[in-house]
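Chemist: Quick one, structure for this:
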Amino acid sequence: MARVVWKGAIAFGLVNIPVRLYTAVHARNVQFHMMSPDGRCRLRRKLWCPETGEEFEYAQATRAVEVAPDRYVPIDPEEVARLRPEKGHTVEIEDFVELSGIDPVYYARPYYVGPGEGGARAYRLLVRAMETSNRVGIGRFVMREKQYLAAIRPSEGGLVLETMNWHDEVAAMPEVVDLPTDDVDERQLELATDLIDRLTRPFDASRYRDTFREQLEELIAKKAAGEGLPPAPEPERPAEVPDLTEALRQSLAQRNPKKKLEKA
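Modeler: Below is the predicted model of the structure:
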C-alpha cells in the first residue's frame, strides 16, 4: 500500500468528506554523485566565502533575498514562520468548472485521493456526482506548510487531486514565443489534417517508454558486471525532403502505402 502523504477532508457546501492523499507519480531518474577521479570517494559540498576563503557550517548560514545586483535583504526564519499559512486539514472546493476549461499548463503534480475513515459513502457519492456532471472541483489547501491551488477530478472510479501552478506563475505564450502569423496553404492544411487523422488512436501510456533511462540503466548494469560495451551505432540522418507539401505527401504514403494519394 502506498504511503499516505496528507490526511484531511474535502469540503463543498456543508458536505465534509474525510480523505487521504497518496503519491501518484514516482520519478525514476538515475541519480549521479560527484566522485573523486579514482571513483573511490564520494565528494561533499561545503559552504565558503569566496572573498575571505572562510568555511561555514550549514547551521551557521542565514537566509537572504537578492533585491538588486549584490544587494541582499536578510530574512529571519521566525519572520517567515509568522507568514506561513496555518496548517489546515481541508481542501475547500470553491468552484466547479468544466475539465476542458483548464489549460494543462496549470497542472503541476498528481495525487490519488482515497476515502478516510468513515468517509466511503460520501466519497463515492462525490465521485458519481462529478462523473455525472463532468465537472472538476477547484480549491486550496495547505500541505507541509505550503499553500496549494488544486483541481480534484474523477478518474477510474476514484478521485485525483492535481496541484496547480498559480496564475501569476504561468507566462502567456505570446510573451515568451514569437508566434508566426503567416497564412496557411489550404492544400497543405488538408494533407496535414489527413496525416493527423491517420496517426490518431486511443491513448495508451504503456506504449511510451523512457528509452534513454532504460539504456542508461543497462549501461550501469553492464559496467557494474565488468562487461564491455558495444560500439555506438551510427546516427541515422533524416532523408531530405524538397518542400513541406512533399513531406506531407510522403508521410501519408508511409502511413498507408497501398492508397494512392491524390495529386497535390
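Chemist: Just the CA trace of stretch 160-173, in CSV.
Modeler: The C-alpha trace of stretch 160-173 is given here as CSV (Å, rounded to 0.1, in the frame of the first residue of the first chain):
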residue,chain,number,x,y,z
VAL,A,160,-7.3,12.5,-8.4
LEU,A,161,-6.0,15.8,-6.9
GLU,A,162,-3.7,17.8,-9.1
THR,A,163,-1.7,20.6,-7.5
MET,A,164,-1.7,23.6,-9.9
ASN,A,165,0.5,26.5,-10.8
TRP,A,166,-0.8,29.9,-9.7
HIS,A,167,-2.0,32.2,-12.4
ASP,A,168,0.9,34.7,-12.0
GLU,A,169,3.4,31.9,-12.3
VAL,A,170,2.3,30.9,-15.8
ALA,A,171,3.5,33.3,-18.6
ALA,A,172,1.3,33.9,-21.6
MET,A,173,2.7,32.2,-24.7
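Chemist: Relative to the whole chain's centre, how far out is that stretch?
Modeler: Offset of stretch 160-173 from its chain centre (C-alpha atoms, centre = their mean, to the nearest Å): 11 Å.
Chemist: Stretch 84-104 now?
Modeler: Here the centre of stretch 84-104 is set off from its chain's centre by 17 Å, with C-alpha atoms, centre = their mean.
Chemist: Any buried residues in that stretch, and which?
Modeler: Going by neighbour count (16 or more other C-beta atoms under 10 Å), the buried part of stretch 84-104 is 90, 91, 93, 96, 102. For glycine as for every other residue, the C-beta is placed from the backbone atoms N, C-alpha and C.
Chemist: Check stretch 116-131 too.
Modeler: 116, 119, 122, 123, 126, 127, 130.
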